[in-house]
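[1] curious how this folds, go ahead:
(4 chains, ligands or ions: 4)
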Amino acid sequence: MAYEGIITRIGKEKLTEMLRRMLEIRGFEEKIRFLFLEGEMPGTIHQYIGMEACAVGVCSVLEKGDVIASTHRPHGHAIARGLSMDAMMGELYGRATGCCMGKGGSMHMGDLSKGMLPAIAIVGGNIPVVTGMALAFKLRNERRVAVSFFGDGASNEGAFHEGLNMAAVTKAPAVFVCENNLYGASTSIKRALKIENIADRALSYGIRGDIADGMNVLDVYEHAKEAVDRARSAEGPTLLELKTFRLCGHSRRDPNNYMSDEEKEEWKNKDPLPYFENILKNNEIFTGEEIADIKQSVERSVEKAIEFGKGSPEPDPADIRKGLYVTMEVPE
Amino acid sequence: MAYEGIITRIGKEKLTEMLRRMLEIRGFEEKIRFLFLEGEMPGTIHQYIGMEACAVGVCSVLEKGDVIASTHRPHGHAIARGLSMDAMMGELYGRATGCCMGKGGSMHMGDLSKGMLPAIAIVGGNIPVVTGMALAFKLRNERRVAVSFFGDGASNEGAFHEGLNMAAVTKAPAVFVCENNLYGASTSIKRALKIENIADRALSYGIRGDIADGMNVLDVYEHAKEAVDRARSAEGPTLLELKTFRLCGHSRRDPNNYMSDEEKEEWKNKDPLPYFENILKNNEIFTGEEIADIKQSVERSVEKAIEFGKGSPEPDPADIRKGLYVTMEVPE
Amino acid sequence: MRMGIAEALRKAIHDEMERDKSVFCIGEDIGIPGGYGGAFTVTLGLEKDFRERIIDTPISEAGIFGAACGAAIMGMRPIADVQYGDFLFCAMDQVVDQIAKLRYMSGGKLKVPVVMRAPVGVTGRGAQHSQNLESYFMSCPGIKIVAPATAYDAAGLLKSAVRDDDPVLMFEHKLLYGSKGIRAESGSIDASSDIPEDDYTVPIGRGIIRREGQDITVIGSLLMMHFSLQASQMLEGVGISCEVIDPRTLWPLDLELILGSVKKTGRVVIVEESPKQGGVGAEIGMQIAENIPDYLLAPVTRVAAPNTPAPFSPTLEKLYVPQPERIADTIKRLIEEY
Amino acid sequence: MRMGIAEALRKAIHDEMERDKSVFCIGEDIGIPGGYGGAFTVTLGLEKDFRERIIDTPISEAGIFGAACGAAIMGMRPIADVQYGDFLFCAMDQVVDQIAKLRYMSGGKLKVPVVMRAPVGVTGRGAQHSQNLESYFMSCPGIKIVAPATAYDAAGLLKSAVRDDDPVLMFEHKLLYGSKGIRAESGSIDASSDIPEDDYTVPIGRGIIRREGQDITVIGSLLMMHFSLQASQMLEGVGISCEVIDPRTLWPLDLELILGSVKKTGRVVIVEESPKQGGVGAEIGMQIAENIPDYLLAPVTRVAAPNTPAPFSPTLEKLYVPQPERIADTIKRLIEEY
Ligand SMILES: Cc1ncc(C[n+]2csc(CCOP(=O)(O)OP(=O)(O)O)c2C)c(N)n1
Ligand SMILES: Cc1ncc(C[n+]2csc(CCOP(=O)(O)OP(=O)(O)O)c2C)c(N)n1
Ligand SMILES: [Mg+2]
Ligand SMILES: [Mg+2]
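    Ligands and ions are numbered 1, 2, ... in the order given. Down below sits the predicted model:
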């Protein structure tokens, strides 16, 4: 039976949580997609549908004191890291109950108390910041790890280069997770870089590069575990590339016309959710009914979160000037 | 006899020019070093002593229509590219006769009409610019090549990453010459990057990487020729690393206390000038007397340039507002 | 033909590329078949006619603006863009230190005719996609800054910018593009114009009086020009006559126009979408205060966003951006007090 | 003990690192044995006492400021520096979009107590090593900006900055450091002070009157404060009494002090080393013009560099930077005319 070893190692409890988180991401994203298209939700969104195995695989190996940083596409990372969907929904509606009190919005989702930096929507922008977070851990001799999530497109930003190199020379306990979904917005990686594996860029920094199947949460888990363990044991940073795909538009209303039908079809067949569900069923961790039950429960949580978000109070007008400086009022 | 092949291929005329240029750089730099220390010359300087083979080796393979870009350390590149020492000295003295009319100074030495962009003193800053110059050639189907000179330290800047990657994907006819002199200011490359060969960073961009002995002008010439020929034939950019060393301080008055004596001694023994002179003598291109004659003539040219610079008129006060906009006066 | 700004810019770029082979576009997602034509459809479809000269880049802003700089020096006429103005910060060194300075450093021997396009405006996306960056570049000698509020001006200024031998930075407003289809922006304002078939330009450095008035001069660019017009209409009812000036070019400022108007009205309000601190309004206001203090019946006054980043919450955002009502209130108060 | 700015800063950093283990320094060439202690010797030798907490980096400004940001969020107190202020442009996104905004974006849930140090000033190095970047950051909500003109203030403000829970950007002037030995700057001005052995701080947000006077208020920071004092001395002879204000903090401005002085004198000149366009002087001037127009006997006036990059030629450079004579002339003219 495939995956028996790892299945046993991870154990049912964690597997349940992993499945649930993946389903939560999917359910959350599908619901808000609908709300956006209906025009009920403000702002813009970048969704994580199809990439659930990446966030969940990586975050499943993290400990409480660890910290992650995300991008313009943060919902999946936030759920995987354990932010409450209520607080996320509050944020998406721009309400006072949001995880950033309504100040952040979709692209800045996060909550440091839960181990997630408010997402940085500047492509590549979180990478040096993660190096710095890891450096703080190192300077204090804490066995904590900082994880940066970013895309294939981000690997062409100067910040990627500087952040990884600096992590390399300082041996910072960081893991740089490149979610290679083959596109940066509408741009195929074929146009944006001339190499096949972004993990090979690790060679430029003398750090470890590794690749995992981003559609298979177990493979992500294994490779992430190795990278995180190494970081935690002061063996230095890893650039971990996850081969994945968006099974949704880049941002709301994007019909993905720049992708070929075959390509979409091919990846649709690799949807990480049925894939994982089948493994779990084949390994007799869950029956189909049990999974259906989880799905129902997830759906209820998402509905509840929407109710919570929608029903939450608007921020106070005075809030506009709050939360900028710690030590002073906003000057006129 | 060593180097017979290449010596024959290059031919005496070109070899003479190469030797002369190297001697000019050395003579020029030693003279202005003195003038600076005496406090007679304004500003700051970064000198090229010990690295002469790099600039001369590369520039010797260039054609008239090609263009180079330099850094905070541009005197060597300027002489190698054929700028007049008079105009350079005028610039160093900040006079109206300078190659930048006194507006640029040491760190912005250049003259586009001679195929050299005014030097960009932002470390790494010229790299994307060179990509763009090469792109212009490519868009117009011109068989011209753009060359960027920069240091080992610059290879850690985001601009390096973005510039090389963009040159790679556009297949721009550019050559990126990394003069690896083992230090970025006082910082050893051992502290700044975890890999031995900067040329290996070419792998990140899917372009060609190559290494030459930066203390041996003939080796530089050969490798540069290959890189430039490839660029000219639309075969794409090369990252060419030259292993070299500063036989002088980073900037004026720097005593290099961060280098070990052994290291300095070791590299002093590789001084590119005696090295090249010996090859030329061994191959009977020149006698010792002939070389001495060239040296004397070079010394006279440098002296003349100093006279020219010192004797040149100051810029007109009104010049301050000139040469900023093409199409309008500087607004008040 | 009636066109929105996105469409008018598209036509203007097309015209310029046809007219001059040295014009090319460089940016992210600008010419991908099946893509968006840049973040706001401005370059949509141009790749069909000019495949070689619509250069889709990796996500590398310093690379884009550096490359534009180099190409311009070598005689090309690049039009470089960022998807959101905010990302200019990633290319800041290339813009401020290279593009703006290289000509001066060369002693006036070379030219850097780059056109830079940057969408700005606070539009429901949170702090990192909402900045109006005009003020950051007001301190930068060597570039010209334009900010068209109508389709007519956008196309006319784009053409002037392409033909200009100096670097020109053009700020465009997300809510004024009139982008259509999946790229339409909610809360958009109609900035469309009749665009002549024939070639025309709008000169850089010339502002325009959008509405004549006697009592007060109101100065606003981009969205704030439209909001200022709306405020003026509101005030008509209470008998206040506003003269609304659209600077169109922020650097060099059309001081003649501005000072002339303020001399006439004696009062001036400068409206900015961005925080007041160190804003464009400070420079415009000081020019007025320095040059014609004796004409001022009331203090030079700024209406601006609070000195904070843009909040995401739509409720707060609406309080953040000066609305026509707030502009009108300020004007009314000023007229009443002075 | 008498110390120059470089030395006083060195002591202050040493004190802070001793006091608080979370303080560390990060930058290029700051602690290399046998090296320079940063471009101007400020951190010279600190690595001997704090090897782990003096982090020498690759040449990667975005990396440095991004890392400082991340470390600060995780509870450290980084002091990040660039060798020349100009290189902040290479880190602009990290400073403006991350360091300055993250707290606000988080809803006020996190803190980013970064200290950023940047040497400025036009000092014989040409256009890319001569910028006074203050004006670029005046538009950026979320950071505080300090600019000490004396060693006493430098050390006191550095300590305040380190202890401050908000990001603080400190501009230092190359000609005021009093760096010694091979790092001495020609044309330096004595900015040394008696530095108390005991701990002290200078509060952020408080300016200081450097010289009391009756006829006119002169406002200048860093080198321009010293030049303004010199100008005042020159004018003493002709019976003009200048009040010289050193803002010390540029954001938040000490408006109370500034407005109080201008109310008293009725005239004000703001002196800047950088181009006038979009400068700090515009914001200070507008604050005065907006708030107390009725007290003004003469137009608010700026003395600044021309609206160009800095030229290299020493002759031109001297004309570029406002000299005491030029400041004095402007003041004299203003007093004569109004
Ligand atoms: C510095 C910067 N440049 C451009 C953008 C606009 N933008 C937002 S998402 C995106 C594509 C990012 O691609 P990738 O890094 O592969 O992440 P993905 O969206 O595929 O998850 C772009 C270009 C941005 N947010 N920041
Ligand atoms: C962006 C930037 N950061 C820092 C500096 C200061 N600086 C000038 S030269 C130099 C060292 C450059 O090292 P390298 O690239 O190896 O060139 P080398 O000086 O060895 O020729 C530094 C740090 C600069 N000019 N630009
Ligand atoms: Mg991607
Ligand atoms: Mg070097």
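[2] hang on, residue A:22 packs against residue A:275?
    No: taking contacts as C-beta atoms under 8 Å, residue A:22 lies outside contact range of residue A:275: 10.1 Å. For every residue, glycine as well, the C-beta is placed using N, CA and C.
[3] overlap in contacts of the two?
    residue A:53 (C-beta atoms under 8 Å, 6 or more residues apart in numbering or on different chains).
[4] quick one: low-confidence ranges for the stretch 201-332 of chain A?
    Nowhere does the stretch 201-332 of chain A drop to pLDDT under 70.
[5] excluding chain neighbours, what is closest to whichever residue of it sits closest to chain B?
    When you check the stretch 201-332 of chain A against chain B by C-beta to the nearest C-beta, the closest residue turns out to be residue A:206, at 3.0 Å. Nearest residue to residue A:206, sequence neighbours excluded (C-beta to C-beta, 6 or more residues apart in numbering or on different chains): residue B:194, at 3.0 Å.
[6] what's the closest non-adjacent residue to residue C:74?
    Excluding the flanking residues, the one nearest residue C:74 by C-beta to C-beta, 6+ apart is residue B:136, at 3.7 Å.
[7] around chain A, pick out the residues from the stretch 1-150 of chain C.
    For the stretch 1-150 of chain C, the contact set with chain A under C-beta under 8 Å from any C-beta of the partner chain comprises C:28-29, C:32-36, C:56-63, C:86-87, C:89-90, C:124-129.
[8] in ChimeraX, how would I select just the buried ones from those?
    To isolate the buried members of those in ChimeraX, using 16 or more other C-beta atoms under 10 Å in any protein chain shown:
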select /C:28,29,32,35,36,56,57,58,59,60,61,62,63,86,87,89,90,124,125,126,127,128,129
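[9] please name the residues that touch residue C:219.
    Counted by C-beta under 8 Å, 6+ apart, residue C:219 has contacts C:228, C:244-245, C:247, C:258, C:268-271, C:281, C:284.
[10] need phi/psi at it.
    The phi and psi values for residue C:219, taken as degrees, to the nearest 10, are phi -110, psi 120.
[11] repeat for the one 10 residues further on
    When read as degrees, to the nearest 10, the backbone of residue C:229 gives phi -60, psi -40.
[12] and it, what's its pLDDT?
    Per-residue pLDDT puts residue C:229 at 98.
[13] go on, residue A:1?
    At residue A:1, the model reports a pLDDT of 61.
[14] the host helix or strand of residue C:145 vs chain D: in contact?
    Residue C:145 belongs to strand C:144-146 when assigned by DSSP states H and E. No: residues of strand C:144-146 are not located near chain D by C-beta under 8 Å from any C-beta, the shortest gap being 9.8 Å.
[15] how many residues are close by residue A:274?
    11 (other C-beta atoms under 10 Å in any protein chain shown).
[16] quick one: the helices in the chain, in order.
    Looking at chain A here, since you left the chain open. A:4-10, A:12-37, A:52-59, A:75-81, A:85-92, A:126-139, A:158-170, A:189-192, A:217-232, A:261-268, A:272-282, A:288-311 (DSSP state H).
[17] let me rephrase: I mean chain C.
    Using DSSP H, helices in chain C cover C:5-19, C:46-49, C:61-73, C:92, C:102-105, C:134-138, C:151-163, C:222-236, C:255-265, C:280-291, C:314-320, C:324-337.
[18] quick revisit: elements contacting the strand holding residue C:145?
    The criterion is 3 or more C-beta pairs under 8 Å, 6 or more residues apart in numbering or on different chains; DSSP states H and E, and the helices and strands that strand C:144-146 contacts are helix C:134-138, helix C:151-163, strand C:168-173, strand C:249-251.
[19] state the distance from the residue nearest the centre of chain A to ligand 2.
    Against the mean C-alpha coordinate of chain A, by C-alpha atoms, centre = their mean, the closest residue is residue A:77 at 2.7 Å. Distance, residue A:77 to ligand 2, by C-beta to the nearest ligand atom, to the nearest Å: 32 Å.
[20] quick one: contacts for the spatially closest residue to that residue that is not a sequence neighbour?
    Spatial nearest neighbour of residue A:77, excluding adjacent residues (C-beta to C-beta, 6+ apart): residue A:70 at 4.1 Å. Residues near residue A:70 by C-beta under 8 Å, 6+ apart: A:77-78, A:109-110, A:116-117, A:119-120, A:126, A:149.
[21] so what pLDDT did the residue nearest the centre of chain C get?
    Geometric centre of chain C, nearest residue: residue C:147, 2.2 Å, by C-alpha atoms, centre = their mean. The model reports residue C:147 with a pLDDT of 98.
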